[in-house]
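K.L.:
Sequence and predicted structure, then a few things I'm wondering about:
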Amino acid sequence: MESTKTKPENTALQEPEPKTETPLFKAPKKKRKWMKWMVIVGVIVVIVYFVTNILGAGQQMISSAYLNGTAERMDLTVSVSSTGTVTPINDYRVSSLVMGEILEAPFEEGDWVEAGDLLYRFDSQDAQDAIDRAQLALQQAQLSYQSTLNSLQPFATSAGMVQKLHVKVGDTVSAGTVIADITDSATMLIDIPFHSSDADMLYAGQSATVTLEGNMEQLSATIRSISGAEEIGLGNVRLRQVTFEVSNPGALSAGTTATAMVGGVACASSGIFEQNRSYSVMASASGEITSLYVSEGDWVTSGRVLATIGGTNANTTLENARLSVESSQLSLESAQRALDNYIVTAPISGEVIEKQFQAGDKVDSTSLTAANGYLAILYDTSTLTFEMKVDELDINKIQTGQEVSITVDAADGKTYTGYVDKINVNGTTLSGSTTYPITVVIYDPDGLLPGMNVSADIIIEEASQVLCVPVDAVQRGPYVLVAPASAFDANGNLKDLNQAEQRDVTIGRSNDKYIEIISGMEEGEIAIWENQASDLYSMMMGG
């Protein structure tokens, strides 16, 4: 057996072992185990913290992805909203139809004028001259027409009996052709000579007595005239003729002789009766006798039409004369209307907003263009209105007379009221959507001015204490997601979506915020709906 021997220790002879440096600290094995446990615990804490935050984040995701609202009873106002710009109920830009110098302009900006008040008066001398010329032309045309008419309708120039007709219907006549002879035998005339010295004592209109020779019948007479010329009678006696007028009793005829006595003055000799007047009616134009209105022996009065001359030429001449009168009448009326244009009156009652011309100014094309084509601007601000656009989906809800709530930013947000005055069915289509203009009248526009912008709500209906939820809560179907109270945390945030149920509902009236629930939910129940504005929800859904 081999054994191993060791040399006896000889410190003196042994080489000294090399020295190694001893570390200042060297952890014992137990301390290294403690460090491992510390790392393990730290990892666990981190994991727990991470898991807790992930779960919290999940909870927060669910809460922010949904909004909620409670079904509650409220007064629901259904309205249609829009905007508009305030305008006066009526406005007018006063223009000029004439040029010239302005003589009067008795108003100023800011004045209130009534309809019909004078605004401007222009110098109208030229227009008056045109009227005078038109009146003369009309008179001339009327005379010409009457003359033409008279020439085609021969008439009696004084009363008398138709002694003879020289034409019959169908005869052709020319100017100068005799139509009829007329004699006035109702009144007879007689010239009786008187001594000049006696004639000087007589006068026209004086009563006299005429004695018929033969039967010595006496008739009343009147002096018509006394001749100024003297005649020399037998024995160189100076005589003057006195004409007497006697009403014919019926038997008196031309050729009968008579004497006369005027008061106590006797005539110098007798005279011979003759008709008061005897004349012939002649044609003044050429044509055909189309009508006869008298017969021989008829008594006619002055102006009585005896016949009508017609035919193509005659009718054309008369029609041309008539048209000339009508044309002259129209010219006169036009000139008179033109004169009216020189007086400019207020067409409406309202406030003068602008006055472009003053008295003494001359209005011409240049100055009128510089004034934008008008003399003045009037606004009837007694009533203010505005126009609002209503969507085609809402237009059938609108009726005239409906109340309108109006807010105006320029009036410190003050609320006004008005009513729907007019509904215009002439819609405007843009991008596939049609709107209709609605005119609203403001009841009390105090503080409002034309041009101010307004926001308006047309009140369609007002319901008292109806069950409502926010409009966004109702989904197409219609249905509502209803969650119990246990689905929410202490702060009212949704924590458990799985507890929500889909509930079919019957809906009623609505406005832009709330909608009426007729059935399907109870008061106090909570509706939830997706928060469309949540980026987190969009990300979770893969958006």
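P.N.:
Happy to help now that I have it.
K.L.:
what's residue 368 sitting at in phi/psi?
P.N.:
Per-residue torsions, residue 368: phi -70, psi -40 (degrees, to the nearest 10).
K.L.:
Any figure for the gap between it and residue 477?
P.N.:
In this view, residue 368 and residue 477 are 66 Å apart by Cβ to Cβ, to the nearest Å. No exception for glycine: its C-beta is placed from N, CA and C like everyone else's.
K.L.:
what about those two, which has more around it?
P.N.:
residue 368 (17 against 11; other Cβ atoms under 10 Å).
K.L.:
any idea which residue sits dead centre in this protein?
P.N.:
residue 90 (9.7 Å; Cα atoms, centre = their mean).
K.L.:
That one belongs to a strand?
P.N.:
Yes: the assignment for residue 90 is a strand, going by DSSP: H, G, I helix; E, B strand; the rest coil.
K.L.:
which non-adjacent residue is nearest it?
P.N.:
residue 380 (4.0 Å; Cβ to Cβ, 6 or more residues apart in numbering).
K.L.:
ok now the host helix or strand of the one you found, how far from the chain's centre?
P.N.:
Residue 380 belongs to strand 376-391 when assigned by DSSP states H and E. Its chain's C-alpha centre and that of strand 376-391 lie 14 Å apart, by Cα atoms, centre = their mean, to the nearest Å.
K.L.:
With stretch 496-516 instead?
P.N.:
Chain-centre distance of stretch 496-516: 50 Å, with Cα atoms, centre = their mean.
K.L.:
Just the CA trace of it, in CSV.
P.N.:
The C-alpha coordinates for stretch 496-516 follow below in CSV (Å, rounded to 0.1, in the frame of the first residue of the first chain):
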residue,chain,number,x,y,z
ASP,A,496,-70.3,47.1,-16.7
LEU,A,497,-71.7,47.3,-20.3
ASN,A,498,-72.9,43.7,-20.0
GLN,A,499,-75.7,44.7,-17.7
ALA,A,500,-77.3,47.0,-20.3
GLU,A,501,-80.4,45.8,-22.2
GLN,A,502,-81.8,46.9,-25.5
ARG,A,503,-85.3,48.3,-25.0
ASP,A,504,-87.8,49.0,-27.8
VAL,A,505,-89.5,52.3,-27.3
THR,A,506,-92.4,54.4,-28.8
ILE,A,507,-91.3,57.9,-29.3
GLY,A,508,-93.3,61.2,-29.7
ARG,A,509,-92.4,64.8,-30.0
SER,A,510,-88.8,66.1,-30.0
ASN,A,511,-86.5,69.1,-30.2
ASP,A,512,-82.8,69.4,-30.8
LYS,A,513,-82.0,68.1,-27.2
TYR,A,514,-84.8,65.9,-26.0
ILE,A,515,-87.3,63.3,-27.3
GLU,A,516,-90.5,62.1,-25.8
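K.L.:
rewinding a little: tell me which other helices or strands the strand holding residue 380 touches.
P.N.:
Strand 376-391 is packed against strand 72-94, strand 350-355, strand 433-442, strand 453-470, with contacts defined by 3 or more Cβ pairs under 8 Å, 6 or more residues apart in numbering; DSSP states H and E.
K.L.:
The third one packs against which elements?
P.N.:
I take that to be strand 433-442. By 3+ Cβ pairs under 8 Å, 6+ apart, strand 433-442 packs against strand 72-94, strand 376-391, strand 403-408, strand 414-423, strand 428-430, strand 453-470.
K.L.:
one more time with 6 Å, if that's ok
P.N.:
strand 376-391, strand 414-423 (3 or more Cβ pairs under 6 Å, 6 or more residues apart in numbering; DSSP states H and E).
K.L.:
for the second one, same thing?
P.N.:
Helices and strands touching strand 350-355, as assessed by 3+ Cβ pairs under 6 Å, 6+ apart, comprise strand 376-391.
K.L.:
partners of the strand it packs on in the sheet?
P.N.:
Partners of strand 376-391 in the sheet, by DSSP bridges, are strand 72-94 (antiparallel), strand 350-355 (antiparallel), strand 433-442 (antiparallel).
K.L.:
Deepest in the core, which of the helices and strands packed on strand 433-442 is it.
P.N.:
strand 376-391 (a mean of 19; mean count of other Cβ atoms under 10 Å).
K.L.:
average model confidence for it?
P.N.:
Across strand 376-391, pLDDT averages out at 93.
K.L.:
got it, and stretch 288-299?
P.N.:
Averaging pLDDT along stretch 288-299 gives 92.
K.L.:
Tell me the spacing between residue 251 and residue 215.
P.N.:
In terms of Cβ to Cβ, residue 251 sits 10 Å off from residue 215.
K.L.:
can you give me the helices for the stretch 251-400 of the chain?
P.N.:
312-340, 365-370 (DSSP state H, counting those that start in this stretch).
K.L.:
what about stretch 172-189, distance to the chain center?
P.N.:
That offset, for stretch 172-189, works out to 63 Å (Cα atoms, centre = their mean).
K.L.:
typo on my end, stretch 282-298
P.N.:
Using Cα atoms, centre = their mean, the distance from the centre of stretch 282-298 to the centre of the chain it belongs to is 57 Å.
K.L.:
List of residues touching that stretch?
P.N.:
Applying Cβ atoms under 6 Å, 6 or more residues apart in numbering, the external contacts of stretch 282-298 come out as 151-152, 154, 162, 165, 167, 169, 171-179, 305-311, 314.
K.L.:
Now with 8 Å, please.
P.N.:
148, 150-152, 154, 161-165, 167-180, 300, 304-311, 313-314, 317 (Cβ atoms under 8 Å, 6 or more residues apart in numbering).
K.L.:
are any of the residues you listed buried, and which?
P.N.:
Buried by 16 or more other Cβ atoms under 10 Å: 148, 151-152, 154, 161-162, 165, 167, 171, 173, 177, 179-180, 300, 304-309, 311, 314, 317, out of the contacts of stretch 282-298.
K.L.:
which residue packs closest to residue 97, ignoring adjacent ones?
P.N.:
The shortest distance from residue 97 to any non-neighbouring residue, by Cβ to Cβ, 6+ apart, is to residue 341 (4.3 Å).
K.L.:
Any idea how many residues pack against that neighbour?
P.N.:
There are 13 residues near residue 341, going by other Cβ under 10 Å.
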